[in-house]
Each structure stands twice: as C-alpha cells, then as structure tokens.
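# sequence-free structure coming up:
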C-alpha cells in the first residue's frame, strides 16, 4: 500500500543524495588537481625565468670582463673606478660594519654588488 511506496521513495531519495554527494566530491577533486597542475606550471615558468635572468646577467658580466681586459678598455676602467670611489665616499660605503670579509671581498663591481655593499655598510638591515 501507501506506506511501502513512501519507504521506497525515501530510500530512492537517500540513494540519489549519496550519488550526488559522490559526484560533487569527484568534481572537486578534479578541480583541485587542475589547480595544482596550474600552480606547478606557474612555478616552473617562474623558475625558468629566474634561471634565464641569472644566466643572462652572468654572461653580461663575463662580456664586461673580457672587454675590460682589452687594451682599449683601460681608460674607461680608470674613469669608472674614479667615479665609483667618488660614489663610495658620497654614500659612506667604505665605512663598513662588521661583516664577513668574504662578502665584502666579492664586491668589486659596484653595479652588480649594490645590495651586497649596502648589506655590509651603514644600513645592515637594508638589502638593496
């Protein structure tokens, strides 16, 4: 009769609800996976960009060194050194705080080393 029909309906409803829940869970998992993949790709892209940038800077520095070693670069080097000295005096970068000599030793070219120099000077908190 009527009671049995209601029970069946209720059972069907429960089954339907469970199935729907399962489906939504599956979809959410899929979304999560996609998002993870996207993030991973983004990270790899960023890493690649950073690596390329680093290599480029390294190459440029090497090029600069090669050019400096050439005869014609002597005058320019002297000029640049004087300019750098002036800048150092201006900013008080020669008055360094206690910092490992290695860090300050590596600082040769002012342009590439500005953050390093700053880190071994009056403003130890500031990095570049």
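Good, I have the coordinates. What you see is a predicted model, and the numbers here were worked out from it, not measured in a lab.

# please enumerate the strands of this structure.
Along the chain, counting by DSSP state E, no stretch forms strands.

# show me where it dips below the pLDDT cut-off.
In the predicted model, the chain carries pLDDT under 70 at residues 67-73, 89-128.

# what is the longest helix seen in it packed up against?
In the chain, with assignment by DSSP state H, the single longest helix is helix 2-69. Helices and strands touching helix 2-69, by 3 or more C-beta pairs under 8 Å, 6 or more residues apart in numbering; DSSP states H and E: there are none. (Each C-beta comes from the backbone N, C-alpha and C, glycine too.)

# one more time with 10 Å
Counting contacts by 3 or more C-beta pairs under 10 Å, 6 or more residues apart in numbering; DSSP states H and E, helix 2-69 packs against helix 73-91, helix 110-119.

# quick one: the first one to helix 2-69, angle?
Between the direction of helix 73-91 and that of helix 2-69, the angle (axes from the mean of the first three to the mean of the last three C-alpha atoms, to 10 degrees) works out to 120 degrees.

# give me the packing partners of helix 73-91, helices and strands only.
On a contact count with 3+ C-beta pairs under 10 Å, 6+ apart, helix 73-91 meets helix 2-69, helix 110-119.

# same list (the ones you listed) but as TSV, adding mean neighbour count and distance to residue 84.
Shown next, in TSV, are the helices and strands packed on helix 73-91 (neighbours: other C-beta atoms under 10 Å; distance: least, C-beta to C-beta, whole Å):
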stretch	mean neighbour count	distance to residue 84
helix 2-69	10	13
helix 110-119	16	5
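
# possible to save those as TSV with distance to residue 79?
Below are the helices and strands packed on helix 73-91 laid out as TSV (distance: least, C-beta to C-beta, whole Å):
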stretch	distance to residue 79
helix 2-69	12
helix 110-119	13
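
# gap between residue 86 and residue 79?
According to C-beta to C-beta, to the nearest Å, residue 86 and residue 79 sit 11 Å apart.

# need the residues touching each of these two.
Residues touching both residue 86 and residue 79 (C-beta atoms under 10 Å, 6 or more residues apart in numbering): none.
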